[in-house]
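# Sharing a sequence plus its predicted fold:
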Amino acid sequence: MSRLSFIDTHAHLDDAAFVEDYLDVLERSCQRGVKRIVLPGVTAQGWERLWQLAEQQKMLYAAPGLHPVYLAQHRPEHLSQLKEFVERQRDHPKLCALGEIGLDYWIPHADRPAQQQLLEAQLKIASEIQLPVLLHVRRAHAPMIATLKRYRLQRGGIVHAFSGSLEEAKEYQKLGFLLGLGGAGTWPQAQRMQRVLKQLPLEALVLETDAPDLAPVSHPNQRNSPEYLPDIAQNLAKQRGISLANLAEAAYQNSCRIFGWH
């Protein structure tokens with residue numbers, strides 16, 4: 001398995017769960033064939049830490065953004081700071097996307113208008129800087145798709161932890177978006193997700209862990225980690241009825257294409 005190459009398109013290695021051993025995690029991930037890891041940002045306070053990690057480690061890349069779940073922590077000036085940050089680094093090879101941004105209607109008493117405003121402001125930045133975006137979408141695929149149809153991002157992006165319908169998947173594809181698959185789809189109870197997976201074209205898929213969250217069935221009740229990405233891929237390939245090599249190669253090429261990596 002180590003001869004195969006993988007890209008983790010979504011891992012929060014700046015999380016406190018990795019403070020003690022993140023270098024060991026990177027080494028083990030590398031040994032298992034993980035070549036690159038994308039670190040999404042969630043608050044303005046975390047962007048500098050993301051950037052430091054990305055600059056220090058060859059395999060890490062940064063995607064600063066303002067996450068809808070942390071709406072209460074965001075301030076209006078954070079949007080101008082985000083724009084300044086990505087404009088300053090726009091030609092730097094370590095800046096790969098804007099994210100994690102999106103809509104989360106699963107949150108109790110979600111402020112939907114405020115989430116929508118935050119999303120659109122960041123889509124505008126991504127459009128101006130010509131960056132792909134990493135989308136967080138929970139129980140909000142219809143408004144997200146409608147929003148993306150208005151903005152028509154030139155470089156598209158990735159729908160992180162995709163769990164929508166086949167019809168929604170097709171809509172995202174038309175808009176230039178790939179679908180991120182991770183540990184959630186490996187569990188037996190994820191039957192709907194697995195039915196959709198079997199029907200998705202390989203050119204629409206990328207792999208992710210969302211570490212430290214959403215551990216796969218092979219590592220229950222554990223901190224998720226990029227080193228588990230090959231196990232996630234193995235499970236998804238088996239569900240799909242294809243070889244691990246086929247899935248790994250397709251996901252790797254798709255990831256490189258969306259992030260502009262050669």
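Structure's in. What do you need? Numbers count the residues shown, from 1 in each chain.

# quick one: contacts for Gly241?
Gly241 makes contact with Lys198, according to Cβ atoms under 8 Å, 6 or more residues apart in numbering. Every residue, glycine included, has its C-beta placed from N, CA and C.

# Let me see the backbone angles for it.
Backbone torsions of Gly241, given as degrees, to the nearest 10, read phi 80, psi 30.

# how close does it sit to Ala63?
32 Å (Cβ to Cβ, to the nearest Å).

# Just checking, which helix or strand of the chain averages the lowest pLDDT?
Every helix and strand in the chain was compared by mean pLDDT, DSSP states H and E; the lowest is helix 191-197, with a mean of 95.

# where do the helices sit along the protein?
22-31, 47-56, 76-88, 112-129, 141-151, 166-174, 191-197, 229-240, 244-259 (DSSP state H).

# distance between the fifth one and the chain's centre?
What that stands for is helix 141-151. 18 Å (Cα atoms, centre = their mean, to the nearest Å).

# Same question for the fourth one.
Here the centre of helix 112-129 is set off from its chain's centre by 17 Å, with Cα atoms, centre = their mean.

# that older thread, mind giving me JSON lines with the helices of the chain and columns for distance to Ala211 and mean neighbour count?
Below are the helices of the chain laid out as JSON lines (distance: least, Cβ to Cβ, whole Å; neighbours: other Cβ atoms under 10 Å):
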{"stretch": "helix 22-31", "distance to Ala211": "8", "mean neighbour count": "16"}
{"stretch": "helix 47-56", "distance to Ala211": "13", "mean neighbour count": "17"}
{"stretch": "helix 76-88", "distance to Ala211": "23", "mean neighbour count": "15"}
{"stretch": "helix 112-129", "distance to Ala211": "23", "mean neighbour count": "17"}
{"stretch": "helix 141-151", "distance to Ala211": "24", "mean neighbour count": "16"}
{"stretch": "helix 166-174", "distance to Ala211": "23", "mean neighbour count": "17"}
{"stretch": "helix 191-197", "distance to Ala211": "19", "mean neighbour count": "15"}
{"stretch": "helix 229-240", "distance to Ala211": "9", "mean neighbour count": "21"}
{"stretch": "helix 244-259", "distance to Ala211": "16", "mean neighbour count": "19"}
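
# one step back: give me the contacts around the least confident helix or strand of the chain.
Ser163, Gly164, Ser165, Leu166, Ala169, Leu181, Ala184, Gly185, Leu236, Gln239, Arg240.

# Okay then, goodbye and thanks.
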